[in-house]
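*Asks:* Next comes the sequence, and after it the predicted model I'd like to discuss.
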Amino acid sequence: MKAVTVSPAARSIEVREHPEPELRSPIDVLMRTLDVGVCGTDHEIGAFKYGTPPVGEDYLVIGHEAFGRVIEVGSAVARIKAGDFVVPMVRRPCPHETCVPCRADRQDFCATGDFRERGIKGMHGYMTERIVDHERYFVSVPSSLREAGVLVEPLSIAEKALEQIEALETRLPEQARHSHTQPRNAVVLGAGPVGLLGAMLLRAAGYRVLVYSSVLGDVTRISILNEIGAIPVATETNTVEYLAEVAGEIDLVYEATGASTLSFEVLKYLGVNGAFVFTGIPGRKTAVRLDSDRVMRQLVLRNQVLLGTVNAGRSAYESAVRDLTSFMQHWPQAVSAMITTRVTMDDAPGLLAQRTPGIKFVVSPDAI
């Protein structure tokens, strides 16, 4: 069968023949891949900045944001059946018995770093016609999400962040958590897929949301933000000081850019008891000047929290399915507008090799 692969040593991206997967255990599930999203991670793997093939192989099947339909299940599979729509999870646990998170099926908090990730690190990904994995790594998706199911994985990043923010809020007195006379203020940095989905989730959670981004001249992005009731603030024409003035007391910053200079500039304006969530990973660039004394003083005196989050566990995926279904009901045009372009596998190498204007690009292996 066909697969889109990256060969780091040869520095090549190509469509090649890849072995057909088979059910090898009673808990295996065979999935036909319908859609695979392309994100910044895929572009960086396509630029050979990282991406690790499985042991003993010289290429990596790329793609980790997938949506598909079950073809066949093993004899011990009980939760899903042939014909179901599903989203496969990304990370697999490390082998160390001493890693408590991995042994508890929370490999998104792996303590050793020896986890594997499909399409990224040590395991082939989903940009191929069919894949097999254990039942435990599939999340069921209703048929109503046939056109948008590929957004579940990027939304799961925001879901995990919100889970952790809600857990952190228990540090505050009960009255403080539930006595807001006005919506809490959230700033989202970035209007890519992770930023826009994060803005949707925060709006659904009752936040007043401002999105600070450099691509807000895009009519599609503006229409999405208008539909969900978020406030766009363009970086090209508005300073961080202006953003802070419009935002008021900032309770939460959700970073989705990987831009460290911008992030630490916005951190200066985080409010009392506020939280700043980092989801982006900066590339290797020149050092950033930081007034560390001011940052430390502010974190302590304002009881602030800095939180880094990566990948997601099952609960976040299941929340993403539930909330994406709700988004489709309340903001159908906004959700549909997220997916800019669908291409075939034959077009994927060119798409991965260069960044193209748009929001979410999707490769559809079934569209041959």
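*Replies:* Everything's here; your move.

*Asks:* can you pull the contacts of residue 147?
*Replies:* Residue 147 is in contact with 336, 339, counting by C-beta atoms under 8 Å, 6 or more residues apart in numbering. The C-beta positions use only the backbone N, C-alpha and C, and glycine is treated the same way.

*Asks:* ignore the last one, residue 307
*Replies:* By C-beta under 8 Å, 6+ apart, the neighbours of residue 307 are 161, 164, 165, 168, 275, 276, 277, 278.

*Asks:* Do you know the pLDDT at it?
*Replies:* Note on residue 307: pLDDT of 95.

*Asks:* and the contacts of residue 307 as TSV, adding secondary structure?
*Replies:* Formatted as TSV, those follow (DSSP: H, G, I helix; E, B strand; the rest coil):
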residue	secondary structure
161	helix
164	helix
165	helix
168	helix
275	strand
276	strand
277	strand
278	strand
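
*Asks:* And the residues you listed, which two are furthest apart?
*Replies:* Across the contacts of residue 307, the longest distance by C-beta to C-beta is 14.1 Å; it joins 168 and 278.

*Asks:* what about those two, which has more around it?
*Replies:* residue 278 (22 against 14; other C-beta atoms under 10 Å).

*Asks:* what sits against that one?
*Replies:* Counted by C-beta under 8 Å, 6+ apart, residue 278 has contacts 255, 263, 306, 307, 308, 309.

*Asks:* hang on, the earlier thing: please convert the buried members of the contacts of residue 307 into ChimeraX selection syntax.
*Replies:* Listed next is the ChimeraX selection for buried residues among these, using 16 or more other C-beta atoms under 10 Å:
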select :161,164,165,275,276,277,278
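
*Asks:* would you say residue 222 is within a strand?
*Replies:* No - under three-state DSSP, residue 222 sits outside any strand and is assigned helix.

*Asks:* where along this protein do the helices fall?
*Replies:* Listed in chain order, the helices found in the chain under DSSP state H are 40-46, 100-103, 152-168, 174-178, 193-204, 219-228, 240-247, 260-267, 292-301, 314-330, 332-338, 348-353.

*Asks:* Redo these as CSV? Include mean pLDDT and distance to residue 119.
*Replies:* Formatted as CSV, the helices of the chain follow (pLDDT from 0 to 100; distance: least, C-beta to C-beta, whole Å):
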stretch, mean pLDDT, distance to residue 119
helix 40-46, 93, 8
helix 100-103, 98, 19
helix 152-168, 95, 11
helix 174-178, 60, 39
helix 193-204, 97, 16
helix 219-228, 96, 26
helix 240-247, 97, 35
helix 260-267, 93, 25
helix 292-301, 92, 35
helix 314-330, 98, 16
helix 332-338, 97, 20
helix 348-353, 92, 11
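
*Asks:* Out of those helices, which one sits most buried?
*Replies:* Highest mean neighbour count among the helices of the chain (mean count of other C-beta atoms under 10 Å): helix 193-204, with a mean of 26.

*Asks:* and that one, what other elements does it pack with?
*Replies:* helix 152-168, strand 185-189, strand 208-213, helix 219-228, strand 250-255, helix 314-330, helix 332-338 (3 or more C-beta pairs under 8 Å, 6 or more residues apart in numbering; DSSP states H and E).

*Asks:* if you set the cut-off to 7 Å instead, what comes out?
*Replies:* Counting contacts by 3 or more C-beta pairs under 7 Å, 6 or more residues apart in numbering; DSSP states H and E, helix 193-204 is packed against helix 152-168, strand 185-189, strand 208-213, helix 219-228, helix 314-330.

*Asks:* Identify whichever of those lies nearest to residue 345.
*Replies:* Comparing the helices and strands packed on helix 193-204 under C-beta to C-beta, the one sitting nearest is helix 152-168, at 18.7 Å.

*Asks:* For the contacts of residue 278, could you give me TSV that also reports distance to residue 241?
*Replies:* Converted to TSV, these look like this (distance: C-beta to C-beta, whole Å):
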residue	distance to residue 241
255	18
263	16
306	21
307	24
308	26
309	27
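
*Asks:* which two from these end up farthest apart in space?
*Replies:* Longest span within the contacts of residue 278, C-beta to C-beta: 263 and 309, 13.8 Å.

*Asks:* contacting residues around residue 191?
*Replies:* Counting by C-beta atoms under 7 Å, 6 or more residues apart in numbering, residue 191 touches 211, 213, 215, 216, 221.

*Asks:* mind running it again at 6 Å?
*Replies:* By C-beta atoms under 6 Å, 6 or more residues apart in numbering, the contact list for residue 191 reads 211, 213, 215, 221.

*Asks:* Likewise for residue 360?
*Replies:* Residue 360 touches 37, 193, 338, 339, 340, counting by C-beta under 6 Å, 6+ apart.
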